[in-house]
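1. 3D model of this:
(chains A and B)
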Protein chains: 2
Amino acid sequence: MLGHTYEGQDCSLARALEIVGERWTLLIIRSALLGTKRFDAFLENLEIARNVLTKRLTRLVEHGLMERVPYQDRPVRHEYRLTASGRDLTRTVIALTQWGDRNLPQELDPPRRADHIGCDGTVHIELRCSGCGRAVHDEEVVVRRIR
Amino acid sequence: MLGHTYEGQDCSLARALEIVGERWTLLIIRSALLGTKRFDAFLENLEIARNVLTKRLTRLVEHGLMERVPYQDRPVRHEYRLTASGRDLTRTVIALTQWGDRNLPQELDPPRRADHIGCDGTVHIELRCSGCGRAVHDEEVVVRRIR
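-> Prediction:
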């Protein structure tokens, strides 16, 4: 998988997918947003193979989405903390989760919810126009090549 | 890749990633949002291998994100159209693209932009609270397990 690139796709989406499009990566980010920091905790929460987790965390650190920080001296132990860039995936994680809630029905309620801290409300993704300031429906958006 | 599942991750995000987390799939969706419909047009726009494109489109049709519709009789030719569920990925595609714009700097402007139809504005992703109605910063959101 590494080394395989989206050739010819010189755009932010393709570059983003090179980093966060690998299997498990967004689930690792979501787990970190939920507060997970330590290797063994990711391992347990995600039921992911140890070697895959190691690879994904290493790549996230290399690309600046996470920092590997010592939290203990003897023996030295490290934990993984989201950087601003990693935390900035909040909207992507919520957008995709809420797409799943809407389009992949299951019998039970969605087991995770995005809450507004200090308020009883839940948080939803919206499209908003920087021109007119209105909330925008999906059908009112056109994605354009600008060169 | 097929047959490999995110075991133990019973949530909307994992189920969404089973479908749209495969390599190329979100780029195919983005291309469809840009207006691409025909197999050869996807092939040309994306510079993707023919067998990979065939697999991805088949899977998108199977999961109801696209429909395969005849557009010509002799010989019969089909095109691929986004369903409501496929089009509903607009926010995910924009969220991830704008994350790339912010966090994976490049020399030139982003080559694609989400425009508000009938307005001069560009469209951005926002988090909004259904309780207080305010726009919410990433730092004000907590993703909670609700069971």
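2. so does the helix or strand hosting A:Arg91 get close to chain B?
-> Assigned by DSSP states H and E, A:Arg91 belongs to helix A:90-103. Yes - shown here: helix A:90-103 in contact with chain B (C-beta under 8 Å from any C-beta of the partner chain) through A:90-103. The way it works is simple: take the backbone N, C-alpha and C, and place the C-beta from them, glycine included.
3. what packs against the helix or strand of chain A at the bottom of the mean pLDDT ranking?
-> Here the helix or strand of chain A ranked lowest by mean pLDDT, DSSP states H and E is strand A:141-145, holding a mean of 80. If you count contacts as 3 or more C-beta pairs under 8 Å, 6 or more residues apart in numbering or on different chains; DSSP states H and E, strand A:141-145 packs onto helix B:90-103, strand B:112-116.
4. where does chain A dip in pLDDT?
-> Chain A contains residues with pLDDT under 70 at A:1-10, A:107-111, A:146-147.
5. farthest from the middle of it: give me that residue.
-> A:Arg74 (32.2 Å; C-alpha atoms, centre = their mean).
6. ramachandran coordinates for that residue?
-> Dihedral pair for A:Arg74: phi -120, psi 110, per degrees, to the nearest 10.
7. for it, give me its contacts.
-> The contact partners of A:Arg74, by C-beta atoms under 8 Å, 6 or more residues apart in numbering or on different chains, come to none.
8. likewise A:Asn51?
-> Applying C-beta under 8 Å, 6+ apart, no residues contact A:Asn51.
9. helix or strand for it, which one?
-> Using DSSP H and E, A:Asn51 falls within helix A:50-62.
10. ditto for A:Glu18
-> helix A:12-20.
11. counting contacts, what elements does that helix pack onto?
-> In terms of contacts (3+ C-beta pairs under 8 Å, 6+ apart), helix A:12-20 is packed against helix A:25-33, helix B:25-33, helix B:90-103.
12. let's see it at 6 Å
-> On a contact count with 3 or more C-beta pairs under 6 Å, 6 or more residues apart in numbering or on different chains; DSSP states H and E, helix A:12-20 meets helix B:90-103.
13. next, the angle strand A:141-145 makes with the helix it packs on.
-> 40 degrees (axes from the mean of the first three to the mean of the last three C-alpha atoms, to 10 degrees).
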